[in-house]
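Student: I need the structure of the sequence given here:
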Amino acid sequence: MYVCGWGGGEYKLVKRTWRNRGNGLDMNVRKAWEMGYTGKRVVVTILDDGIEKDHPDLYKNYDENASYDVNGHDPDPQPRYDYTNENRHGTRCAGEVAAQADNHVCSVGVAFNARIG
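Tutor: Residues are numbered from 1 along each chain as shown. The predicted structure is shown next:
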């Protein structure tokens, strides 16, 4: 199942997306949340390219101490958008880990209370 959609506290766990065709893959994320595993007191560094630190799904969980721009060799991870469009994958990865819950933006990360950088 993939976490997807909006929901005033209720998240739709979609069993079939274009990549998951009912093959039984399931992260059991709802069960983990029910057990209290939300990422609280956890810091995750995303080793990828840029992260939009001001993204509506990420800004509350962004931790500048856990971040470094390995492409630009500076502490600001903001992607540089240019004709190559090759510096934004980290934002998507960060969202899959720690996108905020209950903000009605898009989705929720599997560890939505984790700090990310």
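Student: show me where this structure has its strands.
Tutor: Ranges of strands in the chain, per DSSP state E, are 2-4, 12-14, 43-44, 115-116.
Student: rank those strands by mean pLDDT and give me the bottom one.
Tutor: Note on the strands of the chain: lowest mean pLDDT is at strand 2-4, with a mean of 42.
Student: pretty sure residue 111 contacts residue 46?
Tutor: No: if you go by Cβ atoms under 8 Å, residue 111 and residue 46 don't touch, sitting 11.9 Å apart. (Each C-beta comes from the backbone N, C-alpha and C, glycine too.)
Student: so what sits against both of the two?
Tutor: Contact with both residue 111 and residue 46 is made by residues residue 97, according to Cβ atoms under 8 Å, 6 or more residues apart in numbering.
Student: residue 79 contacts residue 51, doesn't it?
Tutor: Yes: the pair residue 79 / residue 51 is scored as a contact, 7.4 Å apart, by Cβ under 8 Å.
Student: neighbour count for these two, which is higher?
Tutor: Using other Cβ atoms under 10 Å as the criterion, residue 79 and residue 51 rank with residue 51 on top: 26 against 20.
Student: dump the residue contacts of that one.
Tutor: Residue 51 neighbours (Cβ under 8 Å, 6+ apart): 58, 62, 67, 77, 78, 79, 90, 91, 94, 116, 117.
Student: now tell me which of those residues the prediction trusts least.
Tutor: Minimum pLDDT for these is recorded at residue 79 (81).
Student: with that, I have no additional questions.
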